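K.L.:
Give me a model of this one.
(3 chains)
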Amino acid sequence: MNAIEVRHLTRRFGAFVAVNDLSFDVGQGEIFGFLGSNGAGKSTTIRMLCGLLRPTSGSATVGGTDVGRDPEAVKLRIGYMSQRFSLYEKLTVDQNIAFFAGIYGLPRERFAARRAAVLEMSGLKGRESALTGSLSGGWKQRLGLGCAILHEPPIVFLDEPTGGVDPLSRRRFWRLIEELAKSGTTVLVTTHYLDEAEHCHRIAIIHAGRLAALGTVAELKRIFAGRPILEVQAQEPVEAMRRLDEMPDVEKTSIFGSAVHAVMRSADAGPEAITARLASVGISSSCRVVEPSLEDAFLDIAERSVS
Amino acid sequence: MKALAVAVKEIRQISRDRRTLAILLFVPAFFLLLYGYALNFDIRNIPLAVQDNDRTSTSRGVISAFVQSGYFDLVQDVPRSVDVVDVLDRGDARAVLVIPGGFGSDAGRGQPTSVQMIINGDNANTATTVMGYAVGLVSAISARYQREARVLAPAAPLLTAETRVWYNPELRSTYFLVPGLIAYIAMLTAVVSTALSIVREKEVGTMEQVRMSPVGPFAYVIGKTVPFFCVSLVSSMGIIGLSMLLFDLPMRGSWLLLFVSVSVFLVGALAFGVLISTLAETQQVAFQVALLTSYLPTLMLSGFIFPISSMPVVLQAITYTVPARYFLIALRGIVLKGVGAEVFWPQLVALAVFAAVVLTLASLRLKREWGMGR
Amino acid sequence: MKRVLHLVRKEFLELRQDPKLFGIVVLAPIIQLIMLGYATTTDVHNVPVVVVDEDRSSASRELVSRFEASETFVVVDAVSSIDEIVPDLDGGAAWMALVIPADYGERVGSGRPSVIQVIADGTDANSTNVALGYARALVTSYGSELGVSHGRRAAPLVGADIRVWFNPSLESQVFMIPGILALVLLVVTTNLSSMAIVREKELGTLEQLNVTPLARWELIVGKLVPYAILGMADALLVVTVAVGWFEVPLRGSPTLLLAMCLVYLLTTLGLGLLVSTISKTQQQAMMTSSFFFLLPMIFFSGFIFPIENMPTVVQPFTYLVPLRYFLVILRGIFLKGIGLEVFWPEALALLAWGLAILALATLRSSKRLA
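P.N.:
Residues are numbered from 1 along each chain as shown, chains lettered A, B, ... in the order given. All right, here's what the predicted structure looks like:
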């Protein structure tokens, strides 16, 4: 049985359709990524799956329970971390942990163990009496995750958990998520950081409320099958880009760092051909085929779903 | 000017917050109507219970005199066996008239007799008034029966007090209450609107942005106050106009003076809200402080309802810190007495001083906050 | 049930971190009570009087000294003609003028009636009424004294034997202070409860709570209990000050008083909760509670303005104000010493209102946005 099953989920706010006919499944133990730009509908979807928002139409089954019809039944079995930090800043670390443990009805025996585990996981051992508000971003996020999984829910929803957190902390955080998944927890994560999405088993790309693409990272990159991406290093990248744009077999170009990525319409022209063409207009360059990155795929998919 | 930029931003914000705008503009008028109409101290239709132990036409004559006066409403005829105090306990009537047995025959023969009035004293105000009415009615009754009994009246009293009332001859309490209501509503609206504005920026975090900009604390404070000033001014002049229309509030003085007084008062009130804003860390605290220092004190200490001269000296001193006090004197003076600035210029000066002091304090406080941690 | 305890504990832990707020909750009611207890007096004292003594005889001076001797009046100015009182009255330096005619001493000395003019500033109709009453009474009784010395009979045919019940010394404080008590409790608790919930909404922690298996009623009870406890503590404090400092008599049962306070708190907290369900931000909550609930409750509850004075059209609406019932109960317990057997209708009404408001608020607060 799938951990999460979504069928034609839709949510309207007046005339605005925030989530439009979403359908997908998430298997148990999967790290499922929800990728999309701001305002694409990711948070709205998560809220519906958590029973915080009622769907306008469609259905969603979480852990075997129809969330639309019976939101309360699912709450013991899910954990949730919102975009905004939502623990009590005026409470200490320990007090927050104790509070949520109490709300989830953790029995005494389990509480001690779970508390230790959460403190260990978030690296806050020894800082139990620190005021939560005094912690910096990364620590707060880890504590937030800890409190969300205190009761060991089989399904966890994380809404942009690494927003505003330094890269090192982000990596640590993802390692935690991977460990969670390895122990059998299903994790649905939303993010707009493409590099993070690479950690996910499967990704759903959401654009303007619709499901634009769904698959593993490799599958998503395969949209470039037959359309190689060439990386062009040139002295004047902007000029090079302009020239490349003029070439009919170049679909589109974009700046990547100091180089130019050109998506070719077909595999006919290779890197040597491109270098030659550029040289013929006085631009010296070096060119090679590169693996499409998730960012390439994302931008491509997003563009296509608009048209 | 920088203050202008702040003001413009604030105006834009206010105009987008429909609910607050509506509250600031229309609610005062609505409440003025509501309270101005409903509230007064005039005491009529006093529920009266009667225990007539005589039951003669004479005693009935006394009862009807009370009822005919228009002050009293006969609500209960208390049987002989019932203790009249129960009636008061239960709150069925505010006063009980007890006519003793034999009243009729005594009065008829010219024998001095008396009727008893037991009045519920819990509201001293009402009780005093009821007493006054009762005394007046009884002496009129006494005079009438004296004539009928052809008893020699005592010589006319040696001393009588003839009374005349100025400015408000009919003693309508509306004339007194409505200006007070205006002052109260204006004060409240002003303080609440600004009290939260700065604190909210603190809580939400946009204060940081402002701090980094070249706007100085004083300009910021002015910028915050001005937009609310415009709204409050419109609102206040509006309710004054409304009172004149609906409550017959007279206008015996100068409109210009009225405008000036209202303006100075509002600036002070708004600035006070801003000051609270700078002192509080959270909106909750700001609100509680606003309530504590303006909501109830303005109601009680401004002379709106309770006369300041009757208060203990210590409190009278405290009333000097309540801006509404000065405003009320000026407002009542202009509207009811028709006097000019030559009479209440001290009040205007006091209001101006209050505004200036508060504005300065607010900017100083803000300056300190911004300076710290820069 | 245990979850509720966790919520209560959390709320107190948070409050502990906010000492300013705590101080306000505890200190403010007392300060307000004391200040307002003294201010809200409708008793008329120290009425400033300007005297126009056209007679200037020893007789007229004696009359003036009678006025001076009374607590009600204070002679602030003496002028020689009526025209001169205008600036005093206009400017508010005096609000009464006593005009003694030139032939006063002569007439009174020979046993002939004389008329004193009393001119009053009618702006404050209420106080003027009372002051005029005192002035008339003073003049009449002084006149009777003089009359007696001239051998005139003083007693009228029909006299009025007037007794004042519950408050024989006619102190208005005794009437006002129970009202202030109720008011202070109202202001503090309504605000606290509404802000407490809206703040969680604003900060986002409410969402986190909604994701947990916490039931709606548990959340509400958990939020209200801490403030009910604070409210009761406040009530105790305030009652103690009322009785200890102001010496307001407490003739009824103190236990009953506290029980009724608890019922009252149901309504005030429920009101706060209701406000929080219709407000998205703290600012909205504050505006709504102060304008739409507190202000009308002050004016329409019979606290200052007796309900019987209001136009008949308006009176039925006062039944909607819970404070109205609580005032009757409070004044009954303090001043009249009566109990439930007399004011059970009001107690029932208060309870009903409290439950109704709480029910409404609970219905409106949903864990899931529609």
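
K.L.:
what's the burial count for the residue of chain B found nearest chain A?
P.N.:
Per Cβ to the nearest Cβ, residue B:282 is where chain B lies closest to chain A, at 10.9 Å. Heads up, the C-betas are built off the backbone N, CA and C, glycines and all. Counted by other Cβ atoms under 10 Å in any protein chain shown, the residues lying close to residue B:282 total 18.

K.L.:
Please name the residues that touch it.
P.N.:
Each residue near residue B:282 by Cβ atoms under 8 Å, 6 or more residues apart in numbering or on different chains is listed here: B:199, B:203, C:18, C:21.

K.L.:
if you set the cut-off to 7 Å instead, what comes out?
P.N.:
B:199, B:203 (Cβ atoms under 7 Å, 6 or more residues apart in numbering or on different chains).

K.L.:
same check, this time on residue A:148
P.N.:
If you count contacts by Cβ under 7 Å, 6+ apart, then residue A:148 has A:79-81, A:156 around it.

K.L.:
which of these come close to chain C?
P.N.:
Filtering the contacts of residue A:148 for proximity to chain C by Cβ under 7 Å from any Cβ of the partner chain leaves residue A:80.

K.L.:
Just say helix, strand or coil for the nearest residue to residue B:303 once chain neighbours are set aside.
P.N.:
In space, and not counting its chain neighbours, residue B:303 is closest to residue B:328: 5.2 Å by Cβ to Cβ, 6 or more residues apart in numbering or on different chains. Assigned by DSSP: H, G, I helix; E, B strand; the rest coil, the conformation of residue B:328 is helix.

K.L.:
wouldn't residue B:328 be in contact with residue B:183 here?
P.N.:
Yes: counting by Cβ atoms under 7 Å, residue B:183 is a contact partner of residue B:328 at 5.0 Å.

K.L.:
which residues do the two both contact?
P.N.:
B:302, B:304.

K.L.:
For those two, indicate the residue with more neighbours.
P.N.:
Of the pair residue B:328 and residue B:183, residue B:183 is the one with more neighbours under other Cβ under 10 Å, namely 29 against 25.

K.L.:
Okay, and that one sits in which element?
P.N.:
Element membership for residue B:183, per DSSP states H and E: helix B:173-204.

K.L.:
what does residue A:33 give?
P.N.:
Using DSSP H and E, residue A:33 falls in strand A:31-35.

K.L.:
Please apply the same query to residue A:240.
P.N.:
Counting by DSSP H and E, residue A:240 is found in helix A:237-246.

K.L.:
So which bits of that helix are buried?
P.N.:
A:237, A:240-241, A:243-244 (16 or more other Cβ atoms under 10 Å in any protein chain shown).

K.L.:
neighbouring contacts of that helix?
P.N.:
A:232, A:234, A:250, A:253, A:255, A:258-260, A:262, A:278, A:281, A:283, A:285.

K.L.:
since we're on residue 46, how many residues are nearby?
P.N.:
Chain wasn't specified; assuming chain A. Residue A:46 has 23 nearby residues by other Cβ under 10 Å.

K.L.:
you looked at the wrong chain, it should be chain B
P.N.:
Residue B:46 has 24 nearby residues by other Cβ under 10 Å.

K.L.:
isn't residue C:134 right next to residue C:67, touching?
P.N.:
No: with contact defined as Cβ under 7 Å, residue C:134 does not reach residue C:67; the gap is 9.8 Å.

K.L.:
Tell me the confidence at residue B:156?
P.N.:
We have a pLDDT of 57 for residue B:156.

K.L.:
Give me the sheet partners of the strand holding residue A:33 and which way each runs.
P.N.:
strand A:186-191 (parallel), strand A:202-207 (parallel) (DSSP bridges).

K.L.:
Could you list the low-pLDDT ranges of the chain?
P.N.:
You didn't pick a chain, so chain A it is. A:307 (pLDDT under 70).

K.L.:
other chain: chain C
P.N.:
Across chain C, residues meeting the criterion (pLDDT under 70) sit at C:22, C:41-42, C:148-162, C:164-167, C:169-170.

K.L.:
ok, which stretches of the chain are helices?
P.N.:
Since you didn't name a chain, this refers to chain A. Applying DSSP state H to chain A gives helices spanning A:42-50, A:71-74, A:93-103, A:108-122, A:137-148, A:167-182, A:194-197, A:217-221, A:237-246, A:271-280, A:294-306.

K.L.:
meant chain C, my bad for not saying
P.N.:
Using DSSP H, helices in chain C cover C:2-16, C:19-39, C:58-69, C:85-91, C:104-109, C:125-149, C:172-203, C:205-211, C:216-244, C:254-277, C:282-287, C:295-300, C:322-331, C:340-364.

K.L.:
circling back: comparing the strands paired with strand A:31-35, which stretch has the densest surroundings?
P.N.:
strand A:186-191 (a mean of 25; mean count of other Cβ atoms under 10 Å in any protein chain shown).

K.L.:
okay, the angle between it and helix A:167-182?
P.N.:
150 degrees (axes from the mean of the first three to the mean of the last three Cα atoms, to 10 degrees).

K.L.:
contacting residues for residue A:274?
P.N.:
A:230, A:232, A:287.

K.L.:
Of those residues, which are in range of chain C?
P.N.:
Near chain C, by the rule Cβ under 7 Å from any Cβ, you find none of the contacts of residue A:274.
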